[in-house]
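**Q** my questions concern the predicted model and sequence given below.
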Amino acid sequence: AQKITQTQPGMFVQEKEAVTLDCTYDTSDPSYGLFWYKQPSSGEMIFLIYQGSYDQQNATEGRYSLNFQKARKSANLVISASQLGDSAMYFCAMRESFTGGGNKLTFGTGTQLKVEL
Amino acid sequence: DGGITQSPKYLFRKEGQNVTLSCEQNLNHDAMYWYRQDPGQGLRLIYYSQIVNDFQKGDIAEGYSVSREKKESFPLTVTSAQKNPTAFYLCASSIGRLVTDTQYFGPGTRLTVL
């Protein structure tokens, strides 16, 4: 089974609207971290937001928030008030506790977001 | 400014040649990583290092080698044994290896085999 699943290959959103990018994950590890990264066309991976498995509240960072539903194993990214500069590829990733073979980020296949005027 | 630098930005290699990709960080991070990204895909881990003089294979280490002689530097060599090396290579670092430790990425090197 895929550890990280992003089911939306592409999304369009109007400028100033909010958009939700979906991410579901699969792990039996009780301790894990969930991360969202933005990759513009230049290629650099830019860290956006983090959610820990034991965190009681949803993470927020400026216009980014994470809708964390632990029982459903979902960690959707919400971008409020979209801007043209938000057009990019977005990756969801998970880091599980170190077990000797871990210590890595497992990435989804990404969602290409296009913000339109 | 603290950050991660990778060089070169673009690299062209002839078949049968080894090439080395540079990765330097001045964040004082202990852990460093190399990932490979193919078109339309997420990143896959090649090698990682938690401390100086120690490194471990990731999911796709065949055809690659690394060294970690200094805390700041984690170069990746793509050898002639790597069957399909054309890809985008990203280096990352984190303060440690906990699940809470965010990995920060460099700008990447795009390798093309001619």
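**A** Everything's here; your move.
**Q** who are the neighbours in contact with A:Gly43?
**A** B:88, B:90, B:107-108, B:110 (C-beta atoms under 8 Å, 6 or more residues apart in numbering or on different chains). All C-beta atoms are positioned from the backbone trio N, CA, C, and that covers glycine.
**Q** which pLDDT value belongs to it?
**A** Listed pLDDT for A:Gly43 reads 92.
**Q** pretty sure it belongs to a helix, no?
**A** No - if the criterion is DSSP: H, G, I helix; E, B strand; the rest coil, then A:Gly43 is coil and not within a helix.
**Q** disregarding residues adjacent in the polypeptide, which is nearest to A:Ser42?
**A** Among residues not flanking A:Ser42 along the chain, B:Pro107 sits closest, at 7.2 Å (C-beta to C-beta, 6 or more residues apart in numbering or on different chains).
**Q** is it true that B:Gln41 touches A:Met89?
**A** No - counting by C-beta atoms under 8 Å, B:Gln41 stays clear of A:Met89, with 10.6 Å between them.
**Q** hey, what's in contact with both of those two?
**A** A:Gly110.
**Q** which one's more surrounded, these two?
**A** More neighbours surround A:Met89 than the other of B:Gln41 and A:Met89, with 19 against 14 (other C-beta atoms under 10 Å in any protein chain shown).
**Q** what stretches of chain A score poorly on pLDDT?
**A** Flagging of chain A using pLDDT under 70 yields the residue ranges A:1, A:98-103.
**Q** the same query, at a cut-off of 50, please.
**A** By pLDDT under 50, the low-scoring segments of chain A are A:100-102.
**Q** residues of it that sit close to chain B?
**A** A:4, A:31-33, A:35, A:37, A:42-47, A:50, A:52-53, A:91, A:93, A:95-98, A:103-105, A:107-110 (C-beta under 8 Å from any C-beta of the partner chain).
**Q** quick check: ChimeraX command selecting the buried ones in those.
**A** The ChimeraX selection below is limited to those of the residues of chain A next to chain B classed as buried (16 or more other C-beta atoms under 10 Å in any protein chain shown):
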select /A:4,32,33,35,37,43,44,45,47,50,52,53,91,93,95,96,97,103,104,105,107,108,109,110
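**Q** tally of neighbours for residue 29?
**A** Going with chain A. Burial measure for A:Asp29: 13 neighbouring residues, criterion other C-beta under 10 Å.
**Q** that's the other chain; I wanted chain B
**A** So B:His29, with other C-beta under 10 Å, has 19 neighbours.
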